[in-house]
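Asker: Quick check, what structure comes out for this input:
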Amino acid sequence: MAERVLVTKLGLDGHDRGVKIVARILRDAGYEVIYTGLFQTPETVVAAAIDEDVSAIGVSMLSGAHEALLPMVTEALKEAGADIPVILGGIVPEGDFQSMYDAGIARVLTPGATADEVVEAVSGAIKEYRDS
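Answerer: The predicted structure is shown next:
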């Protein structure tokens, strides 16, 4: 059975071309991909991830709201008792990487990440969470 990965867009960010490309990359790498669509909340993402029994969550953020929304996702996961790695991709200033890691984000990818880097980020995060 293939690993299941949920990919999503949080908040008011309406740009979904990149997340659809990532979904295709992951599908082509053998993952079963669940795409929640645009304008999700942290709570709906976590509920979908638990309902779909995913191994990882990929969040695409281009709006600059990552500092506000991603900690809400990781906190909701903790509150639900769900140990699911979150990979953040999109426009994230390098100066924000550490705060994202401190908030519990497993990996951060920026524009220009290759297909291999996307797959490695997801597979590496899943492996780390299983090994911990």
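
Asker: Can you check my assumption that T44 lies in a strand?
Answerer: No - the assignment for T44, made by DSSP: H, G, I helix; E, B strand; the rest coil, is helix rather than a strand.

Asker: Identify the residue nearest it in space, chain neighbours excluded?
Answerer: T36 (7.1 Å; C-beta to C-beta, 6 or more residues apart in numbering). Yep, even glycine has a C-beta here, placed from its N, CA and C like the rest.

Asker: tell me the secondary structure for the most centrally placed residue in the chain?
Answerer: Geometric centre of the chain, nearest residue: G58, 1.8 Å, by C-alpha atoms, centre = their mean. Here G58 is recorded as strand under three-state DSSP.

Asker: This structure: strands as residue ranges?
Answerer: Taking DSSP state E, the strands of the chain run over residues 4-9, 32-35, 56-61, 86-90, 107-109.

Asker: Mind putting those into JSON lines with distance to T74 and mean pLDDT?
Answerer: Output for the strands of the chain, formatted as JSON lines (distance: least, C-beta to C-beta, whole Å; pLDDT from 0 to 100):
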{"stretch": "strand 4-9", "distance to T74": "14", "mean pLDDT": "98"}
{"stretch": "strand 32-35", "distance to T74": "19", "mean pLDDT": "98"}
{"stretch": "strand 56-61", "distance to T74": "10", "mean pLDDT": "97"}
{"stretch": "strand 86-90", "distance to T74": "6", "mean pLDDT": "97"}
{"stretch": "strand 107-109", "distance to T74": "13", "mean pLDDT": "98"}
